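**Student:** Here is a sequence together with a model predicted from it:
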Amino acid sequence: TFHNRMTEIISMSTKDYAAEGLPIKAYKDDDFINSPAARPMRILAEYLGPRDRFDRHKIRDTLVFFGSARLIPRELALDLLEKTKASGGDTTLAERALMMSDYYEATRELARRFTLWSKALENKSRRFVICSGGGPGIMEAANRGASEAAGENIGLGISLPFEQTGNPYITRELNFEFHYFFTRKFWFSYLAKAFIVMPGGFGTLDELMEILTLIQTRKMTKVVPIVLYGKSFWERVINFQALVEYGTISPADLDLFFMTDSMDEAFNYVTDTLLKVALDKPGGSM
């Protein structure tokens, strides 16, 4: 019948259309969709697709964790150290992995505590959902902690040639894969009500500096607590005081973030701020 034939045509692939000698709708043409000409459509899809899913899950507020993809859980670090010792190898890297695993475990515990706190709020219309970059390391730890508290959590992954995304702790419907860094960064920023930044490399530094720049330049106008976790790391990696002394930032810019080694301090700083400034404000403002 005509109806069955139309259903068959709609479900056809690009190759099927070509084989049938039929004209192809632009949005069904894989060659066009993946071409430079259709780049604006792909960019728009990375805005509209996540927005649709967030709307369906009623997610308006996120707590974002940034940090290294290279850190491992304590149990794996201990196992690595034991195996290295048993083989008579150099334990330097294994001992470093064990030391840095403290940040994995702190992330996991903070994400768990934030999730339990959010679920216990009297205002049930507001949830502060853990969000990470979707990969291993600190990102995995954040999703893992939220999952262990039986909370929905988000992974904003990105396709990279050397990093696996979509760790197993992300809520399945909230597991995203981006192509463009800037659309991914938009979704990190737009719904965020707090940032917890653990030790990390180029990607973490890039994410931190972009957020600080958005706040400093008033492109992000909402009050957003930023925690730099791990004083020994951050004080050595970025000399913020030197930036003040050289006049490249203002002394007041040091108030844009809170640096600590304490999980209790980090938790209290974020939750106290959110209770004051975020519960009665609409989600998603920048």
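**Tutor:** Okay, I see it.
**Student:** Tell me how far the residue most central in space within the chain lies from Ile43.
**Tutor:** The residue lying closest to the centre of the chain (C-alpha atoms, centre = their mean) is Ser132, at 2.6 Å. Applying C-beta to C-beta, to the nearest Å, the value for Ser132 to Ile43 is 23 Å. Any C-beta I mention is one placed from the backbone N, CA and C, and that applies to glycine too.
**Student:** Equivalent analysis for Glu105, please.
**Tutor:** Taking C-beta to C-beta, one finds Glu105 at 37 Å from Ile43.
**Student:** Tell me which of those two has more neighbours.
**Tutor:** Per other C-beta atoms under 10 Å, whichever of Glu105 and Ile43 has more neighbours is Glu105, with 17 against 14.
**Student:** following the strand or helix carrying that one, which helix or strand shows up next?
**Tutor:** Element membership for Glu105, per DSSP states H and E: helix 92-119. Once helix 92-119 ends, the next helix or strand along the chain (criterion: DSSP H and E) is strand 129-132.
**Student:** ok, the residue nearest to the centre of the chain - contacts?
**Tutor:** Ser132 sits next to 64-65, 138-140, 142-143, 153-156, 170 when contact means C-beta atoms under 8 Å, 6 or more residues apart in numbering.
**Student:** List the beta-bridge partners for it.
**Tutor:** Beta-bridge pairing of Ser132 under DSSP bridges involves Gly155.
**Student:** Quick check: it vs Gly155, distance?
**Tutor:** Ser132 sits 6 Å away from Gly155, going by C-beta to C-beta.
**Student:** any residues in contact with both of those two?
**Tutor:** Common contacts of Ser132 and Gly155, defined by C-beta under 8 Å, 6+ apart, comprise 139, 143, 170.
**Student:** Rebuild those residues as a markdown table, extending it with neighbour count and secondary structure.
**Tutor:** Formatted as a markdown table, the shared contacts of Ser132 and Gly155 follow (neighbours: other C-beta atoms under 10 Å; DSSP: H, G, I helix; E, B strand; the rest coil):
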| residue | neighbour count | secondary structure |
| --- | --- | --- |
| Met139 | 30 | helix |
| Asn143 | 32 | helix |
| Ile170 | 28 | coil |
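**Student:** What is the nearest of the residues you listed to Leu228?
**Tutor:** Nearest to Leu228 among these is Met139, at 17.1 Å by C-beta to C-beta.
**Student:** Leaving out the residues flanking it, which one is nearest to the closest one?
**Tutor:** Ser132 (3.9 Å; C-beta to C-beta, 6 or more residues apart in numbering).
**Student:** how about the helices of this protein, start to end?
**Tutor:** Ranges of helices in the chain, per DSSP state H, are 2-10, 14-20, 30-33, 39-56, 74-87, 92-119, 138-148, 181-190, 202-216, 231-237, 240-245, 263-277.
**Student:** Could you list the low-confidence segments of the stretch 151-286 of the chain?
**Tutor:** Along the stretch 151-286 of the chain, the model assigns pLDDT under 70 to residues 280-286.
**Student:** no wait, the stretch 1-150 of the chain
**Tutor:** 1-22, 124-125.
**Student:** cutoff 50 now
**Tutor:** In the predicted model, the stretch 1-150 of the chain carries pLDDT under 50 at residues 2.
**Student:** circling back: out of the shared contacts of Ser132 and Gly155, which comes closest to Pro23?
**Tutor:** Looking across the shared contacts of Ser132 and Gly155 and measuring by C-beta to C-beta, the closest to Pro23 is Ile170, at 40.1 Å.
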